[in-house]
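Colleague: I would like the atomic coordinates for the input below:
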Amino acid sequence: MDDKELRNQLARMLVVRQAHMDFIDVVADFPEAHINTRPVNCDYSFWHLLEHLRITQKDILDYISAENYRWPNFPDGYWPNKAVESDLAGWQKTIEGFLADRQALVDIINNPDVDLFAPLPNSGEHQHNIVREINIVANHNAYHTGELGILRQVMGLWG
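Modeller: Got it, this is the predicted structure:
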């Protein structure tokens, strides 16, 4: 696989509906009255789950691009405070932040000056690279996007 095709495949992992539900589809027309609903047996709301997606993706973007990256505490640093609720403006802000950070990752992938296999400065002895991190974020996003869709279905929240 040549470099251009690798970059194309990595970007598509993030932004194209393939073998899983698309992020835009799962958040479209979400009923405002249920943004803070906690599905049965879940200790988080729909907004908490959406914000978790944004926080985690942003963390990987920072890990790739920040000069002095610091790991958040796991797992609490990857979730909003469970006592906090959102309104529609906050829901939209989370979506916009997620999409902006996803686009920033795509821009990194598509930059021909970026070596996708170079060890990341913040990875130390682990020698992680961008290919690895994009795979992680794509899998994490697909997993939780599917979770959002299933929870919407279980709660009867599809239009």
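
Colleague: rest of the way, CA atoms for contacts and neighbours
Modeller: OK.

Colleague: Now do the buried residues in the single longest helix found in the chain.
Modeller: In the chain, ranked by residue count with DSSP state H as the criterion, the top helix is helix 130-154. For helix 130-154, a neighbour-count test (16 or more other CA atoms under 10 Å) marks 130-131, 133-134, 137-138, 141-142, 144-149, 151-152 as buried.

Colleague: neighbouring contacts of that helix?
Modeller: 10, 13-14, 20-23, 26, 39, 46, 49-50, 53, 56-57, 60, 64, 105, 116-120, 158 (CA atoms under 8 Å, 6 or more residues apart in numbering).

Colleague: Ok, stretch 43-61 next?
Modeller: Contacts of stretch 43-61 (CA under 8 Å, 6+ apart): 34-39, 78-80, 82, 85-86, 91, 94-95, 97-98, 101-102, 104-105, 133, 137, 140-141, 144, 148.

Colleague: What average pLDDT does it get?
Modeller: Averaging pLDDT along stretch 43-61 yields 98.

Colleague: and if you look at stretch 77-87?
Modeller: Stretch 77-87 carries an average pLDDT of 97.

Colleague: Any stretches of the protein with poor pLDDT?
Modeller: 1, 19 (pLDDT under 70).

Colleague: distance of residue 59 from residue 15?
Modeller: 18 Å (CA to CA, to the nearest Å).

Colleague: Please disregard the earlier target; I meant residue 91.
Modeller: 20 Å.

Colleague: Of those two, which one has the most company?
Modeller: Between residue 91 and residue 15, residue 91 has the larger neighbour count (other CA atoms under 10 Å), namely 22 against 16.

Colleague: Now the closest residue to that one other than its chain neighbours: phi and psi?
Modeller: Closest residue to residue 91 apart from its sequence neighbours, by CA to CA, 6 or more residues apart in numbering: residue 47 at 6.5 Å. Dihedral pair for residue 47: phi -60, psi -40, per degrees, to the nearest 10.
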